[in-house]
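Enquirer: how would this look folded up:
(chains A and B)
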Amino acid sequence: MKARKLFLLNIYLFVGLAVIASGYSLFYYATIKPPLEEIEMARAALAEAKGKMAGKYAGELLKEAEENFEQSIEEWKKQNNRLFIFRDYTRTAQLALNSYDRSLVALNEAEKSKNRLKYNTEIRLHKLEQKISYFEEHYETLALNPANYKLFVSGKTKFSEAIIEYKAQEYLIAAKHLLKAEEAINKAEKQAHLKLAEFYRKYPEWEKNMQMAYRLSSKGQTVILIDKLDASLIILKSGKEYKMFRVELGGNWMADKIMSGDKATPEGIYKVQVKKGRSNTKYHKALLIDYPNMEDRNRYNKLVQSGRITKNNGMGGLIEIHGEGGKGINWTDGCIAIENNEMDIVFNQCNVNTPVIIVGARQTFEEYLN
Amino acid sequence: MKQNLFVLMVVAFALVFTSCGKLPQVEIDEAKASLEEAKSVQADLYLADEFFALQDSLNAVVVAAETQKSKMFANYSEVKEKLTAISAQGTELVTKTGARKEEIKSDLASAQVEINNLIQENIQLLEVAPKGKEGNEALEAIKADIEGINFSVSDVPVLIGNGDLLNAQTKVEAAREKAAAINTELKTVMEKYMKKS
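Expert: Alright, predicted model coming up:
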């Protein structure tokens, strides 16, 4: 009897405990919910950040957000694998909130970074555009070596690619292209500038010769002044510029004329030696000048003596001002070519012994660059 | 009898306090693999919007799956359906990415033909273009630009071969714009020249 009572007491106790446990569990189940709101917020923020290209412009922050989100899901899974009365979503919620926070920061940073990059790229594009124009104006017409020219053109191409990416709002790629463009243009500009500076080394001599040209002209002589850098032939009369024509020179016109076949146009004081009419030249009409003069011969001999050139390299000659110009390129072997109708004028203005003064440039280095 | 009652109560207790649904892990793994495959063919580059939307859909379904798992009586049927759809969309994205790449390659080939034609036309126009005093330098610059276009376009087959289609696209677009600009410039000069003469 006593045992039966004890058994019943145990049953009641067990049922009572079960009811209490069930009640507690139901209460717990009703109140302890997974942090669905936080996780949804984190997911939506992550999607928005990715959509706004945070991966490109705030990659590290977005990565943190993604990692936090994944950890949050993993933690949620871990809690879900427990009996629900032992589940604790505190860490899941915290990780989801961290992810949400990181996504917002990434979004904000991406926006800022994108705008900053856009602004910087815009400024750099503008500066480089100016630099390209400057190069085209001051260096493009120089007798640059092909590698230097190729560098400039490749820089210009990269510049065009940067503009396309900029317009497509791909600022990171635009910046990469721009960097390559800047490198190429800067290098090309530096090389061209050095070449021009080297060319201008002889400016004091050119200045002296120019003064002589004007002086002779003021005294009543007709003088032909040729400016290689400006690619112009000027007829000086009474100390003034009477006519000016565009000329085409040798392909290597910037160099000093040293020897035969170097395609350089000589610089110095010369005079017309022979006037060739149409029957004596294949270039419409021509004025043969007295290259090489004494100074040219001395320079040539010094170079031979110093071993820089051999005697096999002749001095060259037959430097003329002739017609058949207007081809648009520097194509002669060192002669000065002008268009036929202009050659007629020059031909008529000149006699044998008319001074022909060839200078590298009339402008100073600074004047030319400014 | 009493013992049976006790066992029954324990089973009922267990049933009440544990959920009995099973997470569709196979379907989740399949969907994830499908997205990975899409990423491996660079869907995130060529069809970025669609790829990220699908990635977000997968995240949403994973959240929905865990939500069901948190419940006492989980029901994964809707989750399974969505996962199957995501797997299918991932596979479709792989195909679409391939098609997009082919489309770009085809556009690149047409653009290259167009550029070559423009270059040839430009060279012919250059030969007959008037060479005024100021024109010489401009023509020299144009010649250099044409050379630059040729040089730039010569890189395109290498880029295509390396699968760098987006870079090739930019390069071709830049070359086409430049070639077209030169063409317009030369034609305008010729037109003015014809009117004058």
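Enquirer: does any part of the lengthiest helix in chain A sit near chain B?
Expert: When chain A is scanned for its longest helix (criterion: DSSP state H), the result is helix A:90-138. Yes: for helix A:90-138 and chain B, the contact criterion (C-beta under 8 Å from any C-beta of the partner chain) is met by A:E136. For every residue, glycine as well, the C-beta is placed using N, CA and C.
Enquirer: quick check: angle from the next helix or strand after that helix to helix A:90-138?
Expert: As assigned by DSSP states H and E, the chain's next helix or strand after helix A:90-138 is helix A:146-167. Here helix A:146-167 runs at an angle of 140 degrees relative to helix A:90-138 (axes from the mean of the first three to the mean of the last three C-alpha atoms, to 10 degrees).
Enquirer: who does helix A:146-167 touch, helix- and strand-wise?
Expert: In terms of contacts (3 or more C-beta pairs under 8 Å, 6 or more residues apart in numbering or on different chains; DSSP states H and E), helix A:146-167 is packed against helix A:90-138, helix A:171-199, helix B:135-154, helix B:165-196.
Enquirer: avg pLDDT for the longest helix of chain A?
Expert: Across helix A:90-138, the average pLDDT comes to 95.
Enquirer: Could you figure out how far it is turned away from helix A:171-199?
Expert: Between helix A:90-138 and helix A:171-199, the angle comes out at 30 degrees (the same axes, to 10 degrees).
Enquirer: elements contacting helix A:90-138?
Expert: helix A:36-51, helix A:54-57, helix A:59-80, helix A:146-167, helix A:171-199.
Enquirer: quick one on the thing from earlier: right, so of the helices and strands packed on helix A:146-167, which gets closest to A:A231?
Expert: helix B:135-154 (7.6 Å; C-beta to C-beta).
Enquirer: for the closest one, packing partners?
Expert: In this structure, helix B:135-154 makes packing contacts with helix A:146-167, helix B:77-128, helix B:165-196, judged by 3+ C-beta pairs under 8 Å, 6+ apart.
Enquirer: Just name the most buried of those.
Expert: helix A:146-167 (a mean of 21; mean count of other C-beta atoms under 10 Å in any protein chain shown).
Enquirer: Report the angle between that helix and helix B:135-154.
Expert: 70 degrees.
Enquirer: how distant is helix A:146-167 from the center of its chain?
Expert: 6 Å (C-alpha atoms, centre = their mean, to the nearest Å).
Enquirer: With just CA atoms, put that helix into CSV.
Expert: Once non-C-alpha atoms are left out, helix A:146-167 reads as follows in CSV (Å, rounded to 0.1, in the frame of the first residue of the first chain):
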residue,chain,number,x,y,z
PRO,A,146,60.2,56.2,-83.7
ALA,A,147,60.3,54.7,-80.2
ASN,A,148,59.6,58.0,-78.6
TYR,A,149,56.8,58.7,-81.0
LYS,A,150,55.3,55.2,-80.5
LEU,A,151,55.4,55.8,-76.7
PHE,A,152,53.4,59.0,-77.1
VAL,A,153,50.8,57.4,-79.4
SER,A,154,50.5,54.4,-77.0
GLY,A,155,49.9,56.9,-74.2
LYS,A,156,47.3,58.6,-76.2
THR,A,157,45.6,55.3,-76.9
LYS,A,158,45.6,54.5,-73.2
PHE,A,159,44.1,57.9,-72.5
SER,A,160,41.2,57.1,-74.9
GLU,A,161,40.7,53.8,-73.2
ALA,A,162,40.6,55.6,-69.8
ILE,A,163,37.9,58.0,-71.1
ILE,A,164,35.8,55.1,-72.3
GLU,A,165,36.0,53.4,-68.9
TYR,A,166,35.4,56.7,-67.1
LYS,A,167,32.2,57.2,-69.2
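Enquirer: Turn the helices and strands packed on helix A:90-138 into JSON lines, columns for distance to A:S306 and mean pLDDT.
Expert: Converted to JSON lines, the helices and strands packed on helix A:90-138 look like this (distance: least, C-beta to C-beta, whole Å; pLDDT from 0 to 100):
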{"stretch": "helix A:36-51", "distance to A:S306": "70", "mean pLDDT": "94"}
{"stretch": "helix A:54-57", "distance to A:S306": "60", "mean pLDDT": "92"}
{"stretch": "helix A:59-80", "distance to A:S306": "61", "mean pLDDT": "94"}
{"stretch": "helix A:146-167", "distance to A:S306": "27", "mean pLDDT": "91"}
{"stretch": "helix A:171-199", "distance to A:S306": "19", "mean pLDDT": "95"}
